[in-house]
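Student: Pasting the sequence and the predicted model now:
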Protein chains: 2
Amino acid sequence: MNVGPDIAALGSLIGDPARARMLTALLSGKALTPSELAVEAGVTVQTASFHLGKLAGAGLTQQQKQGRHRYYSLADDDVADVLVAMEGLAAKRGHTRTRTGPKDPDLRKARVCYNHLAGTLGVHMFDSLLARQYLAAEAENLELTDAGRAFVTGLGIDLEPLAKSRRPLCKACLDWSARRTHLAGALGTAFLDRFFALGWAERQSASRVVAFSDNGAARFFSDFPNEAS
Amino acid sequence: MNVGPDIAALGSLIGDPARARMLTALLSGKALTPSELAVEAGVTVQTASFHLGKLAGAGLTQQQKQGRHRYYSLADDDVADVLVAMEGLAAKRGHTRTRTGPKDPDLRKARVCYNHLAGTLGVHMFDSLLARQYLAAEAENLELTDAGRAFVTGLGIDLEPLAKSRRPLCKACLDWSARRTHLAGALGTAFLDRFFALGWAERQSASRVVAFSDNGAARFFSDFPNEAS
DNA sequence: TTCATACTTCGATATTAATCTAAGCATAAA
DNA sequence: TTTATGCTTAGATTAATATCGAAGTATGAA
């Protein structure tokens, strides 16, 4: 059977610890420079450059030159999806990197899953949307209800451009920390962007942590109530 | 950032060509012995055993002792999902294994995607179900219509047990050969099983090829008509 | 122009891991 | 019990590759 897609090459690319850390860092959705990624991966800049060459060559990342900086980001959503799927499986099998740092609890609370909110708060939001029947779920199929449309619009999100995009509006995403579903898709992205725009939260340096301010968290919980959680 | 699921370990496991070939072979959904997998991977039985030890240790496969045979299969649907997702990404990036064998066209026509039908015929069936409004699709959400229920039942598939299972009934799957969506989920599995039961097609040796008989193919196209394709 | 910064390429090294031969174990058949 | 088959473990070898230091290139600042 020497036919078919070469998943070995893909696996091998992700299989190197340094590259895996880089890709994970890029799952923050931000474009990062080789030097930043080197720190993230715990290797020298030369080594990082070597790895980035491989990743770019395989089409997993794209780069943008800006002056003497070179910004690397994931090539597209497909790459992010595969990485998230792998994170989910790895977590399910209990294969977590053991060195738990101080950022661990923050990460579990609220983090970026490429372009939407994950972690405890992500799950909380998802549950709230379901409980208030803003979101209808049947099996894995998610749909925004009429009441949901009103709510989303009330939050200041314009649904028009989202509906026009080819991305699915609502998508379920399951990731590692809380083994629960949360909202991805165009709407998931719009929510997170809105939180940033409203000043409720901000991205933290090069990590995937989403830092909510006290005030922002209060607004979040008031807009997404859920007595169950 | 030394926290989070260890996707490097997972990638590294899939990253070895021999292991990747084994896993791909197991995507046929069948349980295979180390000797069969060794042939599939193009290595000696000892090497295969070495690899299987790693895969099992990581929880990617499960084995069942039966006499002096040992049957290996994928641990669960989660593993299959990740592999299929990786196949999709690898194919999109044009990373296909170049040595095209004689089985290639057969594979593209009809093959097993873990437990449902993929390839040209899989896409054809999906399009037919959509065109006749047996299946309603909105973005990535799939739903079986009332007419669809009647059709499925008429084909001799009992929907009762499928509805009870925790697996989603309809799921969209995108895989490599035809870059098009086809039907996965409990219903996708039920369809394929039914084709085998009706004698329309049979599995081919240890490969993922689904071989339709002339008669079976005729029945297939008559039951799933689609002038468009 | 000269210096500094960001990044890439080169060359050498060292570690890792896949592979095979050979031997050992377990089950089934004779 | 003996023999054959299927599989695993052990040991040695080889090949791949991640890594770093050093040198080279490009852009921006002084």
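Tutor: Perfect, thanks for sending it. These figures come from a predicted structure and were not determined experimentally.

Student: Report the mean per-residue pLDDT for the helix or strand encompassing A:Leu129.
Tutor: Secondary-structure element containing A:Leu129, defined by DSSP states H and E: helix A:120-131. Mean pLDDT, computed over helix A:120-131, is 92.

Student: After that helix, which helix or strand is next?
Tutor: With DSSP H and E, the next secondary element past helix A:120-131 is strand A:135-138.

Student: where exactly do the helices run in chain A?
Tutor: Secondary structure of chain A by DSSP state H: the helices cover A:7-15, A:17-26, A:34-41, A:45-57, A:77-92, A:104-109, A:120-131, A:146-154, A:159-164, A:185-197, A:214-223.

Student: How is chain A divided into domains?
Tutor: Per the record's domain assignment (automatic domain parsing), chain A is made up of the domains A:7-75, A:104-223.

Student: Identify whichever of those domains lies nearest to DNA strand D.
Tutor: Ranking the domains of chain A by distance to DNA strand D, with Cβ to the nearest atom of the strand as the measure, places domain A:7-75 first at 3.4 Å. From N, CA and C alone the C-beta is placed, and that goes for glycine too.

Student: My understanding was that A:Asn115 contacts A:Ala190; is that so?
Tutor: No. Using Cβ atoms under 8 Å, A:Asn115 makes no contact with A:Ala190, being 9.6 Å away.

Student: re earlier: ok, of the helices of chain A, where does mean pLDDT dip lowest?
Tutor: Taking each of the helices of chain A in turn, the one with the lowest mean pLDDT is helix A:104-109, at a mean of 84.

Student: So which elements touch that one?
Tutor: Counting contacts by 3 or more Cβ pairs under 8 Å, 6 or more residues apart in numbering or on different chains; DSSP states H and E, the secondary-structure elements packed against helix A:104-109 are helix A:120-131.

Student: Would the helix it packs on count as contacting chain B?
Tutor: No. Helix A:120-131 does not reach chain B (Cβ under 8 Å from any Cβ of the partner chain); its nearest approach is 14.9 Å.

Student: Just list what that helix packs against, helices and strands only.
Tutor: Judged by 3+ Cβ pairs under 8 Å, 6+ apart, helix A:120-131 is in contact with helix A:104-109, strand A:135-138, strand A:181-184, helix A:214-223.

Student: Now find how far off-centre the third one is within its chain.
Tutor: For strand A:181-184, the distance from its own C-alpha centre to the chain's C-alpha centre is 10 Å (Cα atoms, centre = their mean, to the nearest Å).

Student: elements contacting that strand?
Tutor: Under the contact rule (3+ Cβ pairs under 8 Å, 6+ apart), strand A:181-184 is packed against strand A:116-118, helix A:120-131, strand A:171-174.

Student: To B:Ala172, which of these lies closest?
Tutor: Closest approach to B:Ala172 among these (Cβ to Cβ): strand A:171-174, 11.2 Å.

Student: Off-centre distance for that closest one?
Tutor: Relative to the chain's own centre, strand A:171-174 is displaced by 11 Å; criterion: Cα atoms, centre = their mean.

Student: For A:Trp200, which residues are in contact?
Tutor: A:212-213, A:215-217, A:219-220 (Cβ atoms under 8 Å, 6 or more residues apart in numbering or on different chains).

Student: Write down the beta-bridge partners of the residue nearest the centre of chain A, one by one.
Tutor: Averaging the C-alpha coordinates of chain A gives a centre point, and the residue nearest to it by Cα atoms, centre = their mean is A:Cys113 (1.2 Å). Beta bridges link A:Cys113 to A:His116 when assigned by DSSP bridges.

Student: Quick check: it touching A:Ala184?
Tutor: Yes. Taking contact to mean Cβ under 8 Å, the distance of 6.9 Å between A:Cys113 and A:Ala184 places them in contact.

Student: what do the two both touch?
Tutor: A:Cys173.

Student: Identify each buried residue in stretch A:57-69, please.
Tutor: By neighbour count, with 16 or more other Cβ atoms under 10 Å in any protein chain shown as the criterion, the buried positions of stretch A:57-69 are A:58-61, A:63.

Student: Stretch A:44-59 now?
Tutor: For stretch A:44-59, burial by neighbour count (16+ other Cβ under 10 Å) applies to A:48, A:51-52, A:55, A:58-59.

Student: ok, so of those, who is nearest B:His124?
Tutor: B:His124 has its nearest neighbour among these in A:Gly59, at 29.5 Å by Cβ to Cβ.

Student: ok, the closest one - contacts?
Tutor: A:Gly59 makes contact with A:75, B:93-94 under the criterion Cβ under 8 Å, 6+ apart.

Student: Repeat the analysis, applying 6 Å as the threshold.
Tutor: Under the criterion of Cβ atoms under 6 Å, 6 or more residues apart in numbering or on different chains, the contact partners of A:Gly59 comprise A:75, B:93.
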